[in-house]
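Undergrad: Generate coordinates for the sequence data below:
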Amino acid sequence: MFLSFLAITLMYSTIATAMFDPEASELMQQFVDILPQAMVNMMGFTNFGTELTGYLATYLYGFIFFIFPMIFIVMLGNKLMAKRVDDSSMAYLLTTPNSRVKVASTQVLSIMLNLFCLILINVVVIIIISEIAFKGHLMIGKFIGLNFVLFGVLTSVSSLVFLISTLVSDYGKAVGISSGLMGYLFIMNMIKNLNEDLNFLRFSTFLSLVDIDKIMDFATYTLLAGSLSLVVGIVIYVLSIIIFNKKSLTI
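TA: Residues are numbered from 1 along each chain as shown. Here you go, the predicted structure:
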């Protein structure tokens, strides 16, 4: 599963980076300007820019690096917990000399490592391609900061999925609820961009923390947003482990 989603995201990453051209970006922006403003705002394609960092941030981090990792999170998070309880394979894990806390912590570590590697490999590939084809054009520090915030936000999102998977032992229901939650977070993030009057909706979704303009302009925001979302994610993960440790399992 990891390799499949890695291949999908790398395809977009490599194509987007290799196709960068300031003149082409201007043409793309002209094309976007023709589209209805509401649609442009919802997709996050408000400004492609003529420099590589802004171009990649707009092209990849407004839609692609949200939707595919979130699908991956739903599939992985529920597979590691709810599915194991539902098909009774958790019973075999718990008969080994390992506590519930250790089993649940291992599943959490697996999710976070998968997310970290998914983002890290894409970042490394983008930087390598950029340095080969457009040496000096990518602002590496800000680009890494953008991905730090993304990792923090996805950690928070994945912790919610894991919490649902812990609370709901039925695999089908857990997938349905967590998919609905992901859809809600994603749609709210799109709707808030429609106009300034709906900007208050940014408080209803973690995804709004990946604010490209603020990340590009303020290092302090990058540090705070990334750290805060990581802490929230870890706290929810710890809560999930505590719940699983005390939960009555019918396996």
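Undergrad: give the contact list for the residue nearest in space to the middle of the chain.
TA: Nearest residue to the geometric centre of the chain (Cα atoms, centre = their mean): Leu154, 3.7 Å. Neighbouring residues of Leu154 by Cβ atoms under 8 Å, 6 or more residues apart in numbering: Pro69, Met70, Ile73, Leu115, Ile119. Using the backbone N, CA and C atoms, a C-beta is placed for each residue, glycine as well.
Undergrad: Phi, psi for it please.
TA: phi -70, psi -30 (degrees, to the nearest 10).
Undergrad: ditto for Phe218
TA: Torsion angles, degrees, to the nearest 10, at Phe218: phi -130, psi 110.
Undergrad: Neighbours of it, how many?
TA: Phe218 has 14 neighbouring residues, counting by other Cβ atoms under 10 Å.
Undergrad: can you tell me the helix or strand for the closest residue to Arg100 other than its chain neighbours?
TA: Closest residue to Arg100 apart from its sequence neighbours, by Cβ to Cβ, 6 or more residues apart in numbering: Asn245 at 4.6 Å. Using DSSP states H and E, the element containing Asn245 is helix 219-246.
Undergrad: What helices and strands are in contact with that helix?
TA: Of the remaining helices and strands, those touching helix 219-246 by 3 or more Cβ pairs under 8 Å, 6 or more residues apart in numbering; DSSP states H and E are helix 100-133, helix 140-167, helix 212-217.
Undergrad: In the helix or strand where Phe68 lies, which residues are buried?
TA: When secondary structure is defined by DSSP H and E, Phe68 falls within helix 65-80. Of all the residues in helix 65-80, those buried under the rule 16 or more other Cβ atoms under 10 Å are 65-66, 68-70, 72-80.
Undergrad: Ok, stretch 120-138 next?
TA: Buried, per 16+ other Cβ under 10 Å, within stretch 120-138: Asn122, Val123, Val125, Ile126, Ile129, Ser130, Phe134, Leu138.
Undergrad: now do stretch 139-152
TA: Result for stretch 139-152 [16+ other Cβ under 10 Å]: buried residues Met139, Lys142, Phe143, Gly145, Leu146, Asn147, Phe148, Val149, Leu150, Phe151, Gly152.
Undergrad: Nearest to Ile187 among those residues?
TA: Leu150 (18.7 Å; Cβ to Cβ).
Undergrad: Next, work out how far apart that closest one and Phe65 are.
TA: 6 Å (Cβ to Cβ, to the nearest Å).
Undergrad: cool, Gly183 as well?
TA: Counting by Cβ to Cβ, the gap from Gly183 to Phe65 is 17 Å.
Undergrad: Please apply the same query to Leu6.
TA: In terms of Cβ to Cβ, Leu6 sits 12 Å off from Phe65.
Undergrad: overlap in contacts of those two?
TA: Asn122.
Undergrad: was I right about Asp232 contacting Ser158?
TA: Slight slip there: residue 232 is Val, not Asp. No. In this structure, Val232 is not within contact of Ser158 by Cβ atoms under 8 Å, at 11.4 Å.
Undergrad: Alright, calling it a day.
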